[in-house]
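# Prediction below, plus the sequence it came from.
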Amino acid sequence: MRLLAIITSYVFHPLLILFYSLFLLLCLKPHLIGALHWSEQSLLIILIFIYTCLVPAIGIALLKFTGLVKNFNMEDKYDRYGPLIICAVFYLWLWVNLKAQDNIPKLLIAFILTSIICIFLAFVLNLKIKVSLHAMSIAAFASFWIMIRLFHSEDHIYYFRFLKSTVSTFHLHHLIGLSIILAGWIGTCRLYLKAHTAEELYLGYFVGVFSTILAFSYTF
(Lines give C-alpha, C1' and ligand atoms only; values in the text may rest on other atoms or scores of the structure.)
Protein backbone atom coordinates (compact mmCIF):
# COMPACT_ATOMS: atom_id res chain seq x y z
CA MET A 1 0.00 0.00 0.00
CA ARG A 2 2.82 2.40 0.85
CA LEU A 3 4.52 1.78 -2.49
CA LEU A 4 1.24 2.39 -4.34
CA ALA A 5 0.71 5.62 -2.40
CA ILE A 6 4.22 6.82 -3.26
CA ILE A 7 3.78 5.98 -6.96
CA THR A 8 0.45 7.82 -6.99
CA SER A 9 2.06 10.89 -5.42
CA TYR A 10 4.72 10.98 -8.15
CA VAL A 11 2.46 10.17 -11.12
CA PHE A 12 0.03 12.91 -10.07
CA HIS A 13 2.65 15.35 -8.87
CA PRO A 14 1.39 18.97 -8.96
CA LEU A 15 4.04 19.89 -11.54
CA LEU A 16 2.53 17.42 -14.03
CA ILE A 17 -1.14 18.39 -13.78
CA LEU A 18 -1.00 21.36 -16.17
CA PHE A 19 0.79 19.22 -18.75
CA TYR A 20 -1.82 16.47 -18.41
CA SER A 21 -4.59 19.05 -18.80
CA LEU A 22 -3.13 20.52 -22.00
CA PHE A 23 -2.65 17.11 -23.58
CA LEU A 24 -6.19 16.00 -22.76
CA LEU A 25 -7.62 19.33 -23.95
CA LEU A 26 -5.90 18.85 -27.30
CA CYS A 27 -7.23 15.28 -27.47
CA LEU A 28 -10.74 16.57 -26.85
CA LYS A 29 -10.81 19.83 -28.79
CA PRO A 30 -7.76 20.17 -31.11
CA HIS A 31 -9.80 22.46 -33.36
CA LEU A 32 -9.42 25.20 -30.77
CA ILE A 33 -5.81 25.53 -31.96
CA GLY A 34 -6.65 24.94 -35.61
CA ALA A 35 -5.65 21.27 -35.61
CA LEU A 36 -7.35 17.97 -36.38
CA HIS A 37 -5.25 15.93 -33.97
CA TRP A 38 -3.12 16.66 -30.92
CA SER A 39 0.05 15.49 -32.68
CA GLU A 40 -0.13 18.54 -34.95
CA GLN A 41 0.58 20.68 -31.87
CA SER A 42 3.37 18.52 -30.46
CA LEU A 43 5.70 21.55 -30.29
CA LEU A 44 3.26 23.38 -28.01
CA ILE A 45 2.98 20.29 -25.80
CA ILE A 46 6.78 20.06 -25.54
CA LEU A 47 7.10 23.75 -24.68
CA ILE A 48 4.43 23.49 -21.99
CA PHE A 49 6.22 20.47 -20.52
CA ILE A 50 9.57 22.29 -20.50
CA TYR A 51 8.29 25.48 -18.85
CA THR A 52 5.83 23.96 -16.37
CA CYS A 53 7.54 20.66 -15.48
CA LEU A 54 11.16 20.29 -16.56
CA VAL A 55 12.62 23.72 -15.79
CA PRO A 56 10.83 24.12 -12.40
CA ALA A 57 11.92 20.57 -11.49
CA ILE A 58 15.53 21.44 -12.31
CA GLY A 59 15.24 24.61 -10.23
CA ILE A 60 13.85 22.67 -7.26
CA ALA A 61 16.63 20.08 -7.63
CA LEU A 62 19.22 22.88 -7.50
CA LEU A 63 17.62 24.17 -4.30
CA LYS A 64 17.91 20.69 -2.83
CA PHE A 65 21.55 20.22 -3.84
CA THR A 66 22.52 23.64 -2.49
CA GLY A 67 20.84 22.85 0.82
CA LEU A 68 18.10 25.48 0.54
CA VAL A 69 15.53 22.68 0.56
CA LYS A 70 16.00 19.77 2.97
CA ASN A 71 14.34 17.11 0.78
CA PHE A 72 12.15 16.78 -2.28
CA ASN A 73 9.09 15.88 -0.17
CA MET A 74 9.25 19.35 1.40
CA GLU A 75 7.89 18.10 4.70
CA ASP A 76 8.83 21.38 6.35
CA LYS A 77 6.49 24.13 5.16
CA TYR A 78 9.41 26.56 4.99
CA ASP A 79 11.00 24.38 2.30
CA ARG A 80 8.09 25.26 0.02
CA TYR A 81 8.79 28.96 -0.45
CA GLY A 82 11.64 28.56 -2.94
CA PRO A 83 9.88 25.98 -5.16
CA LEU A 84 6.65 28.01 -5.13
CA ILE A 85 8.52 31.14 -6.21
CA ILE A 86 10.23 29.23 -9.03
CA CYS A 87 6.90 27.86 -10.28
CA ALA A 88 5.24 31.27 -9.99
CA VAL A 89 7.93 32.92 -12.14
CA PHE A 90 7.73 30.40 -14.98
CA TYR A 91 3.94 30.06 -14.89
CA LEU A 92 3.54 33.86 -14.96
CA TRP A 93 5.96 34.12 -17.85
CA LEU A 94 4.05 31.45 -19.75
CA TRP A 95 0.66 33.05 -19.03
CA VAL A 96 1.76 36.54 -20.12
CA ASN A 97 3.25 35.27 -23.37
CA LEU A 98 0.50 32.83 -24.36
CA LYS A 99 -2.45 35.12 -23.62
CA ALA A 100 -1.00 37.64 -26.07
CA GLN A 101 -1.30 35.09 -28.90
CA ASP A 102 -4.61 34.82 -30.72
CA ASN A 103 -4.13 31.17 -31.68
CA ILE A 104 -3.95 29.94 -28.08
CA PRO A 105 -7.37 28.90 -26.72
CA LYS A 106 -8.69 30.76 -23.70
CA LEU A 107 -9.38 27.45 -21.97
CA LEU A 108 -5.64 26.77 -21.78
CA ILE A 109 -4.98 30.36 -20.67
CA ALA A 110 -7.61 29.95 -17.95
CA PHE A 111 -5.99 26.81 -16.55
CA ILE A 112 -2.53 28.39 -16.51
CA LEU A 113 -4.06 31.28 -14.58
CA THR A 114 -5.72 28.74 -12.27
CA SER A 115 -2.28 27.29 -11.53
CA ILE A 116 -0.87 30.76 -10.83
CA ILE A 117 -3.68 31.61 -8.41
CA CYS A 118 -3.17 28.25 -6.67
CA ILE A 119 0.54 28.96 -6.28
CA PHE A 120 0.02 32.41 -4.79
CA LEU A 121 -2.70 31.22 -2.43
CA ALA A 122 -0.52 28.30 -1.35
CA PHE A 123 2.34 30.73 -0.72
CA VAL A 124 0.18 32.92 1.52
CA LEU A 125 -1.54 30.03 3.32
CA ASN A 126 1.83 28.38 3.87
CA LEU A 127 2.55 31.05 6.45
CA LYS A 128 0.01 29.36 8.72
CA ILE A 129 -0.65 25.87 7.37
CA LYS A 130 1.03 23.37 5.01
CA VAL A 131 -1.79 23.17 2.47
CA SER A 132 -1.72 20.06 0.28
CA LEU A 133 -0.43 20.92 -3.19
CA HIS A 134 -1.52 17.50 -4.46
CA ALA A 135 -5.10 18.07 -3.31
CA MET A 136 -5.06 21.59 -4.70
CA SER A 137 -3.86 20.56 -8.15
CA ILE A 138 -6.17 17.56 -8.59
CA ALA A 139 -9.16 19.62 -7.41
CA ALA A 140 -8.26 22.28 -9.98
CA PHE A 141 -7.95 19.54 -12.62
CA ALA A 142 -11.41 18.14 -11.85
CA SER A 143 -12.94 21.62 -11.68
CA PHE A 144 -11.39 22.51 -15.05
CA TRP A 145 -13.23 19.71 -16.84
CA ILE A 146 -16.47 20.44 -15.01
CA MET A 147 -16.26 24.08 -16.16
CA ILE A 148 -15.66 22.92 -19.73
CA ARG A 149 -18.67 20.60 -19.60
CA LEU A 150 -21.01 23.20 -18.10
CA PHE A 151 -19.98 26.34 -19.97
CA HIS A 152 -17.68 25.53 -22.90
CA SER A 153 -19.16 22.58 -24.76
CA GLU A 154 -21.32 24.43 -27.26
CA ASP A 155 -19.68 22.42 -30.06
CA HIS A 156 -21.10 19.20 -28.52
CA ILE A 157 -17.72 17.48 -28.71
CA TYR A 158 -17.38 15.12 -25.74
CA TYR A 159 -15.26 12.19 -26.93
CA PHE A 160 -11.47 12.19 -26.79
CA ARG A 161 -9.38 11.42 -29.85
CA PHE A 162 -6.04 9.85 -28.96
CA LEU A 163 -5.39 8.20 -32.34
CA LYS A 164 -5.55 9.90 -35.73
CA SER A 165 -7.70 7.19 -37.29
CA THR A 166 -10.47 6.84 -34.69
CA VAL A 167 -12.34 8.67 -31.97
CA SER A 168 -12.21 6.77 -28.68
CA THR A 169 -15.21 5.89 -26.53
CA PHE A 170 -13.69 7.87 -23.65
CA HIS A 171 -16.29 10.55 -22.86
CA LEU A 172 -15.81 13.85 -21.08
CA HIS A 173 -18.16 12.56 -18.37
CA HIS A 174 -15.81 9.62 -17.85
CA LEU A 175 -12.88 11.98 -17.30
CA ILE A 176 -14.86 14.09 -14.83
CA GLY A 177 -15.90 11.02 -12.85
CA LEU A 178 -12.36 9.63 -12.95
CA SER A 179 -10.84 12.92 -11.83
CA ILE A 180 -13.21 13.10 -8.84
CA ILE A 181 -12.31 9.52 -7.88
CA LEU A 182 -8.62 10.38 -8.30
CA ALA A 183 -9.05 13.40 -6.02
CA GLY A 184 -10.31 11.09 -3.29
CA TRP A 185 -7.64 8.47 -3.93
CA ILE A 186 -4.78 10.99 -3.95
CA GLY A 187 -6.07 12.51 -0.73
CA THR A 188 -6.19 9.04 0.83
CA CYS A 189 -2.62 8.36 -0.28
CA ARG A 190 -1.35 11.63 1.20
CA LEU A 191 -3.08 10.82 4.48
CA TYR A 192 -1.66 7.29 4.47
CA LEU A 193 1.85 8.63 3.95
CA LYS A 194 1.24 11.10 6.78
CA ALA A 195 2.25 13.92 4.43
CA HIS A 196 -0.80 15.98 5.43
CA THR A 197 -3.63 16.21 7.89
CA ALA A 198 -7.27 16.05 6.82
CA GLU A 199 -7.54 19.81 7.38
CA GLU A 200 -4.63 20.48 5.00
CA LEU A 201 -6.22 18.25 2.36
CA TYR A 202 -9.67 19.85 2.58
CA LEU A 203 -8.10 23.28 2.36
CA GLY A 204 -6.18 22.15 -0.73
CA TYR A 205 -9.38 20.93 -2.39
CA PHE A 206 -11.09 24.23 -1.62
CA VAL A 207 -8.22 26.31 -2.99
CA GLY A 208 -8.17 24.26 -6.21
CA VAL A 209 -11.89 24.71 -6.85
CA PHE A 210 -11.88 28.37 -5.84
CA SER A 211 -8.86 29.15 -8.06
CA THR A 212 -10.52 27.53 -11.07
CA ILE A 213 -13.73 29.52 -10.65
CA LEU A 214 -11.76 32.75 -10.17
CA ALA A 215 -9.54 32.12 -13.21
CA PHE A 216 -12.46 31.28 -15.49
CA SER A 217 -14.41 34.31 -14.27
CA TYR A 218 -11.47 36.56 -15.10
CA THR A 219 -10.63 34.93 -18.46
CA PHE A 220 -14.17 34.71 -19.79
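Looks like it arrived, so ask away. Residues are numbered from 1 along each chain as shown.

# Show me what counts as buried in the worst-scoring helix or strand of the chain on mean pLDDT.
Lowest by mean pLDDT, DSSP states H and E among the helices and strands of the chain is helix 55-65, with a mean of 85. By neighbour count on 16 or more other CB atoms under 10 Å, the buried set for helix 55-65 is 56-57, 59-60, 63-64. The C-beta positions use only the backbone N, C-alpha and C, and glycine is treated the same way.

# Show me how far it is from its chain's centre.
How far helix 55-65 lies from its chain's middle: 19 Å, per CA atoms, centre = their mean, to the nearest Å.

# again with stretch 137-152
Distance of stretch 137-152 from the chain centroid (CA atoms, centre = their mean) equals 11 Å.

# Repeat that for stretch 13-22.
With CA atoms, centre = their mean, you get 4 Å for stretch 13-22.

# just stretch 7-16 next, same as before
The chain centroid and the centroid of stretch 7-16 are separated by 10 Å, computed with CA atoms, centre = their mean.

# start the count at 191, not 1, going forward
In the new count, where the first residue is 191, that last one comes out as stretch 197-206.

# okay, how far is it across it, tip to tip?
Across its full length, stretch 197-206 reaches 14 Å end to end, with CA to CA, to the nearest Å as the criterion.

# Then stretch 348-358?
From its first residue to its last, stretch 348-358 covers 10 Å (CA to CA).

# Would you mark the buried spots in it?
Within stretch 348-358, judged by 16+ other CB under 10 Å, the buried ones are 348, 350-351.

# got it, and stretch 401-410?
Buried residues in stretch 401-410, counted by 16+ other CB under 10 Å: 401-402, 404-406, 409.

# from the buried residues of stretch 348-358, which is closest to I319?
Proximity of the buried residues of stretch 348-358 to I319 (CB to CB) peaks at F350, which lies at 36.7 Å.

# can you tell me how far that closest one sits from F280?
28 Å (CB to CB, to the nearest Å).

# Could you look up the SS state of the nearest residue to C243 once chain neighbours are set aside?
Distance criterion CB to CB, 6 or more residues apart in numbering; nearest residue to C243, sequence neighbours excluded, is L205 at 5.0 Å. Following DSSP: H, G, I helix; E, B strand; the rest coil, we place L205 in the helix state.

# quick one: L205 from F239, how far?
In this view, L205 and F239 are 10 Å apart by CB to CB.

# How about L298?
14 Å.

# What of S401?
In this view, S401 and F239 are 21 Å apart by CB to CB.

# can you give me the mean pLDDT across stretch 359-377?
Mean pLDDT, computed over stretch 359-377, is 96.
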